[in-house]
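Peer 1: Structure for this input, please:
(chains A and B)
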Amino acid sequence: MSKIHNAIAQIHELDDLSMQKTAIHRLHPLVKVLITLVYIISVISVPKYNLAGTLVWILYPAMVFYLSNIRVKGFLRKMRLIFPVILAIGIWNPFYDHSEVIHIGSLLITGGMVSMCTLMAKSMLALMASYLLVANTGIEKICYALTLLRVPNILVTQILLAYRYLILLMEEANAIFEAYSLRAPRQKGVKFQIWGPFIGQLLLRTIDRAGSLYEGMLLRGFQGEFYYSDRRKWNQLDVVYLCIWCFLFVLLHVAF
Amino acid sequence: MHMSDALIVPAVAATMYVASSTATAFSVKKVRIENDAKKIPVMGVMAAFVFAAQMINFTIPGTGSSGHFAGGLLLAVLLGPYAGFLAMVSVLAIQALIFADGGILALGCNIWNMAFYACFIGYLFIYRPLTKNRLSNGRIMIGSVLAGIVTLQLGAFSVVLQTYLSGISELSFLQFVAAMQPIHLVIGTMEGLITGAVILFVKNARPELLELDAKNQKMGFLQFLVLCSVMIVMIGGGLSLVASKNPDGLEWSVEKVTGESEVAPNHANEGAVEQAKRLQNFTAFLPDYSFEGKDSKAGTSFSGVFGALLVTGVVSGSLILVRLFRQQNDEPSDSEQDSETL
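Peer 2: I've put the predicted structure just below:
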């Protein structure tokens, strides 16, 4: 399956996951954004030699995966792409840090090995938190939460527009690439002489589409800003959920 | 070059969020001043275009490998630096949220490393000056390639700085730089070539898309000062940490000749040298480019930044004084005005 089809499938998958009706999905989006941010900050604050203290933070994503009925398989697919990049940085630690930590039989565990494992664990946990945020909230609700955090409306509108037209333009790029590939079957990728016209064609179609889009939006009353229709205030469950997790995060931070 | 959350500490993440938020707020203000409602959907759709274009692999001639396109510079060329920056911010935000390409907490770093350098340094300092007066094919290609190279080099260097300051990797600073910069030189060249090729295509097919309002693209003095300040912090505060500890040319020569790094004053000058030393000790509150009595990285960084800011202040102040005097000289005196009136 091509890169573009994979990307489109990921977007659809996250959209479908975010439309479920579990208790986690019904929470106020700002609560989930705040908890995710606090969680990620807490995880990356763990000292680099404290592997056990990092692994205990699996508690939050494990609970949320279970409560929001989201399968771990989708997350593991994402991790597969990011993991090599983190490994490329962390792999050097065992070569440069030979401080002794513990002997397990005849095997010496060094500080470098521990810090490498901690780095991998932190990446995985931070990624889980981001994935869960999008999977049980959805991009529109996240953008609504951003407006509540005083992120400029113009930027939030950009994110939403880009998200909406992502699939369309990726399919258009895919169509152009398939047409090119059928005419150049032995080539992998686009050759140098065609770079300009290839992207240029996609760009001109994009600009023309943007013009039609603008006219369509004007006819529907667009005035340059994003309006979210499903606004609601915080309820007791939102407050309790936030307090419980904040308390647990403080506890984990202090205890480990 | 997308950084993940695990590669930075909260302090670095917070600092970069502040820097990126400042640039974002400034860009939002500039786009609002333009008051062009049509630009907003164009920006959104262009962001989606950059996303789609990033999915395509471009074959690098003669190598058998392929690269892909980032798009920040192209967005700045087509939309202007401020709108282009906002469009890139939305691309990076979606990449972080939907595709886990870059962390949420590291978003501030990624915006700075990929959007800020492309739209404000690469475009405003390199591409725009080269093509402002004449939009020839050669200037477009040279401008794009140079801007692409500089943008990616700065971005890669910033990744190294941010990771190093976070203390995540055991690699030394220089080793990390040696690993990152060469590969990003190739990536930057690719980026520049692809961007240049696209701009040339657009110039031939729809040249009106490249005729941006010159007034919007002109950088004001305040913006220039802000950009210079950023460079001062990076070079004075960051690069100074890896300055060579070896003696400079003069010290090296003195060492070779006398066996000491400093020359002792001769008997006749001892008094004057002592007085000069006392004066220097009194005035130097950052002796040896560090805090008095301490030799810390913070002292070195602070000395670099403070020194550069002090020089900037003195030079700017002198130029302002000269300008004021000149204005005084150009204004006619009262008696001259009276005689003109008569």
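Peer 1: so what pLDDT did the residue in the stretch 201-342 of chain B that chain A sits nearest to get?
Peer 2: Proximity of the stretch 201-342 of chain B to chain A (Cβ to the nearest Cβ) peaks at B:F201, 3.2 Å away. Every C-beta, even on glycine, is put in place using the N, C-alpha and C of the backbone. Looking at B:F201, its pLDDT stands at 88.
Peer 1: what residues are up against it?
Peer 2: A:196-197, A:199-200 (Cβ atoms under 8 Å, 6 or more residues apart in numbering or on different chains).
Peer 1: which residues are contacting the host helix or strand of B:K29?
Peer 2: According to DSSP states H and E, B:K29 maps onto helix B:10-34. With contact meaning Cβ under 8 Å, 6+ apart, helix B:10-34 is reached by A:41, A:44-45, A:152, A:154-155, B:5, B:8, B:39, B:81-83, B:85-86, B:89, B:105-109, B:111-112, B:115-116, B:120, B:162, B:165-166, B:216, B:230.
Peer 1: let's go with 7 Å and repeat that
Peer 2: A:41, A:44-45, A:152, A:154-155, B:39, B:82-83, B:85-86, B:89, B:105-106, B:108-109, B:111-112, B:116, B:162, B:165-166, B:216 (Cβ atoms under 7 Å, 6 or more residues apart in numbering or on different chains).
Peer 1: next one: stretch A:198-211
Peer 2: Under the contact criterion Cβ under 7 Å, 6+ apart, stretch A:198-211 has outside partners A:169, A:172-173, A:176, A:180, A:190, B:41-42, B:45-46, B:49, B:52-53, B:194, B:198, B:201-202, B:205-206, B:209.
Peer 1: re earlier: so which two of the contacts of B:F201 are the farthest from each other?
Peer 2: Greatest spatial distance among those (Cβ to Cβ): A:P197 and A:I199, at 7.9 Å.
Peer 1: which one of those two has more residues nearby?
Peer 2: A:I199 (29 against 18; other Cβ atoms under 10 Å in any protein chain shown).
Peer 1: did I read that right, the more buried one in a helix?
Peer 2: Yes. Counting by DSSP: H, G, I helix; E, B strand; the rest coil, A:I199 is found in a helix.
Peer 1: Stretch B:153-160 vs chain A: in contact?
Peer 2: No. Stretch B:153-160 does not reach chain A (Cβ under 7 Å from any Cβ of the partner chain); its nearest approach is 9.9 Å.
Peer 1: count of neighbours near A:F83?
Peer 2: 16.
Peer 1: I'd like the next helix or strand past whatever helix or strand it lives in.
Peer 2: A:F83 is part of helix A:72-90 when elements are defined by DSSP H and E. Using DSSP H and E, the helix or strand that follows helix A:72-90 in sequence is helix A:93-96.
Peer 1: list the buried ones in that next one?
Peer 2: Using 16 or more other Cβ atoms under 10 Å in any protein chain shown as the test for burial, helix A:93-96 gives A:93-94.
Peer 1: Please name every helix or strand in contact with it.
Peer 2: Helix A:93-96 sits against helix A:111-135, with contacts defined as 3 or more Cβ pairs under 7 Å, 6 or more residues apart in numbering or on different chains; DSSP states H and E.
Peer 1: send the alpha carbons of the helix or strand following the helix it packs on over as PDB?
Peer 2: Next in sequence after helix A:111-135, counting helices and strands by DSSP H and E, comes helix A:139-148. Taking Å, rounded to 0.1, in the frame of the first residue of the first chain, the C-alpha atoms of helix A:139-148 are listed here in PDB:
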ATOM      1  CA  ILE A 139      -9.200  17.100  15.900                       C
ATOM      2  CA  GLU A 140     -12.300  19.400  15.900                       C
ATOM      3  CA  LYS A 141     -12.700  19.100  19.700                       C
ATOM      4  CA  ILE A 142      -8.900  19.500  20.200                       C
ATOM      5  CA  CYS A 143      -9.200  22.700  18.200                       C
ATOM      6  CA  TYR A 144     -12.100  23.800  20.400                       C
ATOM      7  CA  ALA A 145      -9.900  23.200  23.400                       C
ATOM      8  CA  LEU A 146      -7.200  25.300  21.800                       C
ATOM      9  CA  THR A 147      -9.500  28.200  21.400                       C
ATOM     10  CA  LEU A 148     -10.400  27.900  25.100                       C
END
